[in-house]
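Engineer: sequence and predicted structure are below.
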Amino acid sequence: MDFLAEEKNKFSAPEGLPTKYRHEEVHRFIVDCMVSVGTPPPQAGALADLLVAADLRGHFSHGLNRLEMYVNDMLKKVCAGGATPVIAKESVSTALVDGRNGLGPVVGNFCMDLAIKKAKATGVGWVCARGSNHYGIAGWYAMSASKQGLLGMSFTNTSSLVVPTRGKQAVLGTNPIALAAPGVKGDDFVLDMATSVVSGGKVEVACMKGEDVPAGWALDKHGAPTTDSQQAMDGFLLPLGGFETHSGYKGFGLGMLVEIFCGIMAGAPYGPNIRDWTRTDRPADLSQCFVAIDPSFFAPGFEGRMTDLMSHCRNMESEDPQNPVLVAGDPERLHMRKVEREGGITYHINQINNLWKLGKYLGVTPMQA
């Protein structure tokens, strides 16, 4: 990313730029930026849908924060922005998809739609993809299934950032897991989590803000614990749970589970064989897995039981009355209500200044409040 950073930093953002923007304007800016570097509008729109959804849901590490990475991949011609995925092999309930180096959200949408179609016909749809790129928040694809009354799961491998338990060098990516399960009247359970203590994007955001990261998130490049966000960027993340005394081997095991579903099952690069995400000398060639399950093929009344369990959890006495018990998906719903109440998504000024410079470099109209 050095070339793009150097070029856009030739511009100076004006003082006092607004930090709150309507999501429609954020979407427009993303599409314009991607089209400016040769992405067809439909594919650019698919990416924008996902990045905006991430910010609306409060996952700022995977929203506009990721735009420069996608732009850079197009500028360096290591991602085929206009590619359409193809089915390489399939059965009635499974498929292997070649993403043809397309944008991750384009590949992901294709695969999840295919899994949903198969699940509606057979009860289960299981689709693996290779030849893909960064696909954003894993929950996006899981939710596309739950919106149709199905359970959805989504997994992806990533560049090596996470050390194994007892290790000092990275071997796996942050390898997220997502599950969305339909409840009554759209009250869905939506789990979307990295198998590392934290996603790499959250370290990026801390670095962008000039803040330290909490103890237990990261190691420096020498394998020593650090709270310095820049040292963490140059170093490694710990698996979910952290060190061995806090059961970090469970996070390491979950990361391996994701890799088995993705790179190993798809016959593609896995673990340390995956391209470093900061390099743009060759395609990322990421692998992903998408699962859809139709609960109607099992016991009736799934949605009611799902909502009953979530309601029980939410109504439990909290140790802090100001912070009630939440279930997966609730923090995101609360953030979406906050955005609606405030009339827009609020970003950090450092991010806005950076995006203004990116827009100027690309010849794109900056976001308008």
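Structural biologist: Yes, it's here.
Engineer: correct me, but L191 touches L179?
Structural biologist: Yes: counting by Cβ atoms under 8 Å, L191 touches L179, with 4.7 Å between them. Heads up, the C-betas are built off the backbone N, CA and C, glycines and all.
Engineer: between those two, which one's more packed in?
Structural biologist: L179 (22 against 17; other Cβ atoms under 10 Å).
Engineer: quick check on the more buried one: phi, psi?
Structural biologist: The phi/psi pair for L179 (degrees, to the nearest 10) reads phi -140, psi 130.
Engineer: tell me where the stretch 51-200 of the chain has helices.
Structural biologist: Assigned by DSSP state H, counting those that start in this stretch, the helices in the stretch 51-200 of the chain fall at 67-75, 104-122, 139-146, 200-209.
Engineer: from the ones you listed, which stretch is densest packed?
Structural biologist: Counting by mean count of other Cβ atoms under 10 Å, helix 139-146 has the highest mean neighbour count of these, with a mean of 27.
Engineer: that one - contacts with which helices or strands?
Structural biologist: Applying 3 or more Cβ pairs under 8 Å, 6 or more residues apart in numbering; DSSP states H and E, one finds that helix 139-146 contacts helix 41-56, helix 104-122, strand 151-156, strand 177-181, strand 189-193.
Engineer: quick one, domains of the chain?
Structural biologist: The chain breaks down by automatic domain parsing into domains covering 2-77+342-362, 86-197+238-297.
Engineer: let me know whether N65 touches V205 as I believe.
Structural biologist: Yes: assessed by Cβ under 8 Å, N65 is found in contact with V205 at 6.2 Å.
Engineer: for A299, which of the helices of the stretch 51-200 of the chain is the nearest?
Structural biologist: Nearest to A299 among the helices of the stretch 51-200 of the chain is helix 104-122; the distance by Cβ to Cβ comes to 16.4 Å.
Engineer: dump the closest one to CSV, keeping only the CA atoms.
Structural biologist: Taking C-alpha atoms only, helix 104-122 is exported to CSV below (Å, rounded to 0.1, in the frame of the first residue of the first chain):
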residue,chain,number,x,y,z
GLY,A,104,-14.7,-11.1,-2.3
PRO,A,105,-18.3,-9.9,-1.8
VAL,A,106,-19.1,-10.9,-5.4
VAL,A,107,-17.7,-14.4,-4.8
GLY,A,108,-19.4,-14.6,-1.4
ASN,A,109,-22.8,-13.5,-2.6
PHE,A,110,-22.7,-16.0,-5.5
CYS,A,111,-21.7,-18.8,-3.2
MET,A,112,-24.3,-18.0,-0.5
ASP,A,113,-27.1,-17.7,-3.0
LEU,A,114,-26.1,-21.1,-4.4
ALA,A,115,-26.0,-22.6,-0.8
ILE,A,116,-29.4,-21.2,-0.1
LYS,A,117,-30.8,-22.7,-3.4
LYS,A,118,-29.5,-26.1,-2.5
ALA,A,119,-30.7,-25.9,1.1
LYS,A,120,-34.2,-25.1,0.0
ALA,A,121,-34.1,-28.2,-2.2
THR,A,122,-32.3,-30.7,-0.1
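Engineer: quick check: mean pLDDT of that helix?
Structural biologist: In this model, helix 104-122 has a mean pLDDT of 98.
Engineer: ok now that helix, how far from the chain's centre?
Structural biologist: 17 Å (Cα atoms, centre = their mean, to the nearest Å).
Engineer: repeat for stretch 168-182
Structural biologist: Using Cα atoms, centre = their mean, the offset of stretch 168-182 from its chain centre is 10 Å.
Engineer: again with stretch 341-361
Structural biologist: 20 Å.
Engineer: for the remainder of this discussion, apply numbering that starts at 345.
Structural biologist: Sure, I'll start numbering at 345, so the last one becomes stretch 685-705.
Engineer: buried residues in that stretch, which are they?
Structural biologist: Going by neighbour count (16 or more other Cβ atoms under 10 Å), the buried part of stretch 685-705 is 688-689, 691-692, 695-705.
Engineer: contacts for it next, please.
Structural biologist: Residues outside stretch 685-705 that contact it (Cβ atoms under 8 Å, 6 or more residues apart in numbering) are 348, 351-358, 361-367, 370, 373, 376-377, 399-400, 404, 408-409, 411-412, 415, 549, 552-554, 683, 708-711, 713.
Engineer: over to stretch 490-499?
Structural biologist: With Cβ under 8 Å, 6+ apart as the test, stretch 490-499 has contacts from 452, 456, 459-460, 463-464, 482-489, 519-526, 530, 532, 534, 602, 605-606, 632-640, 647.
Engineer: again, 6 Å this time
Structural biologist: Under the contact criterion Cβ atoms under 6 Å, 6 or more residues apart in numbering, stretch 490-499 has outside partners 463, 482, 485-486, 489, 521-526, 532, 602, 605-606, 633-638.
Engineer: helix or strand: which one has the residue lying closest to T509 once chain neighbours are set aside?
Structural biologist: Counting by Cβ to Cβ, 6 or more residues apart in numbering, T509 lies nearest to Y593, which is 4.2 Å off, once chain neighbours are set aside. Using DSSP states H and E, Y593 falls within helix 592-603.
Engineer: averaged pLDDT, that helix. What do you get?
Structural biologist: According to the model, helix 592-603 has a mean pLDDT of 98.
Engineer: got a list of what the residue nearest to the spatial centre of the chain touches?
Structural biologist: Most central in the chain under Cα atoms, centre = their mean is I481, positioned 2.4 Å from the mean C-alpha point. Shown in contact with I481 (Cβ under 6 Å, 6+ apart): 398, 403, 406, 536.
Engineer: could you check how far the last one is from L395?
Structural biologist: From D536 over to L395 the distance is 15 Å, taken as Cβ to Cβ, to the nearest Å.
Engineer: swap in the third one?
Structural biologist: Distance of H406 to L395, given as Cβ to Cβ: 7 Å.
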